[in-house]
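Participant: My questions are about this predicted structure, shown below with the sequence.
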Amino acid sequence: MVQYQNYFKEFVKYSARAHGSSKSIQKALELVTTIPQRVHDLEFTNNLKQHPGDTGKLGRIIRHDAFQVWEGDEPPKLRYVFLFRNKIMFTEQDSSTSPPSYTHYSSIRLDKYNIRQHTTDDDTIVLQPQEPGLPSFRIKPKDLETSEYVRKAWLKDIAEEQEKYGRSFRNLLEPFFSRIPSSENVSNVQTLR
């Protein structure tokens, strides 16, 4: 795989020197560089059990770790948690199989939750719903030695995903809102009548 990546890098470099178009070669390079990550992600998504949707549509795994998870006021349970684009998935890990399997427990959409650090327990992340009827969660990294690093990485990646989702949602709605007349134009129309 590394050989193919190097070949495409060379093609891009020489195309640029020759002032030729390298867009298709750059796309091929991007594809080749993402293959190892996709294969790694498939090792996890192919071992997801009882997921209500198509695991092939989950996309890239941004992050995954073992956490203690509190749902509402219930006592904590050990869960293996995945971060996808605009989604956090809680699973139960079965390490008795090789490779481990993951039974889907729950999924939440990031755009429906406010995420913050717990006020008294620094290593805990609070997932507070924005709508009534949705469960609240608290998650704390299982490994106490790396919990600060894990918490910071998760908070950073979640914030980035929420920003990306918000930006893409705004871009999706922008054409719709650009067709709505501004209040100034509406008042001018009303005055003319």
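Facilitator: It's in. Numbers count the residues shown, from 1 in each chain.
Participant: OK, contacts around the residue nearest the centre of the chain?
Facilitator: Geometric centre of the chain, nearest residue: residue 85, 2.6 Å, by C-alpha atoms, centre = their mean. Residues in contact with residue 85 (C-beta atoms under 8 Å, 6 or more residues apart in numbering) are 59-60, 62, 161, 164-165. Backbone N, C-alpha and C define where each C-beta goes, glycine included.
Participant: tell me the phi and psi of residue 110?
Facilitator: Backbone geometry at residue 110, expressed as degrees, to the nearest 10, gives phi -60, psi -30.
Participant: That one reaches residue 158, doesn't it?
Facilitator: Yes. The pair residue 110 and residue 158 qualifies as a contact (C-beta atoms under 8 Å) at a distance of 6.4 Å.
Participant: which neighbours do these two share?
Facilitator: In terms of C-beta under 8 Å, 6+ apart, residue 110 and residue 158 are both contacted by the residues residue 88.
Participant: contacting residues for residue 68?
Facilitator: Residues in contact with residue 68 (C-beta under 8 Å, 6+ apart) are 76-79, 139-142.
Participant: Which residue ranges of the chain form strands?
Facilitator: Using DSSP state E, the strands of the chain run over 48-49, 63-71, 77-84, 87-94, 101-109, 113-117, 125-129, 137-141.
Participant: What is the shortest one packed up against?
Facilitator: In this structure, strand 48-49 makes packing contacts with strand 101-109, judged by 3 or more C-beta pairs under 8 Å, 6 or more residues apart in numbering; DSSP states H and E.
Participant: likewise the last one?
Facilitator: Applying 3+ C-beta pairs under 8 Å, 6+ apart, one finds that strand 137-141 contacts strand 63-71, strand 125-129, helix 147-178.
Participant: Repeat the analysis, applying 10 Å as the threshold.
Facilitator: strand 63-71, strand 77-84, strand 87-94, strand 113-117, strand 125-129, helix 147-178 (3 or more C-beta pairs under 10 Å, 6 or more residues apart in numbering; DSSP states H and E).
Participant: pLDDT on the longest one, on average?
Facilitator: Going back to what we said before, that points to helix 147-178. Over the span of helix 147-178, the pLDDT mean works out to 78.
Participant: so of the strands of the chain, which one's packed in deepest?
Facilitator: strand 137-141 (a mean of 22; mean count of other C-beta atoms under 10 Å).
Participant: Show me how the chain divides into domains.
Facilitator: By the assignment in automatic domain parsing, the chain contains the domains 1-45, 47-193.
Participant: Quick one: distance of the longest one to the chain centre.
Facilitator: If you compare the mean C-alpha spot of domain 47-193 with that of the full chain, they lie 7 Å apart, counting by C-alpha atoms, centre = their mean, to the nearest Å.
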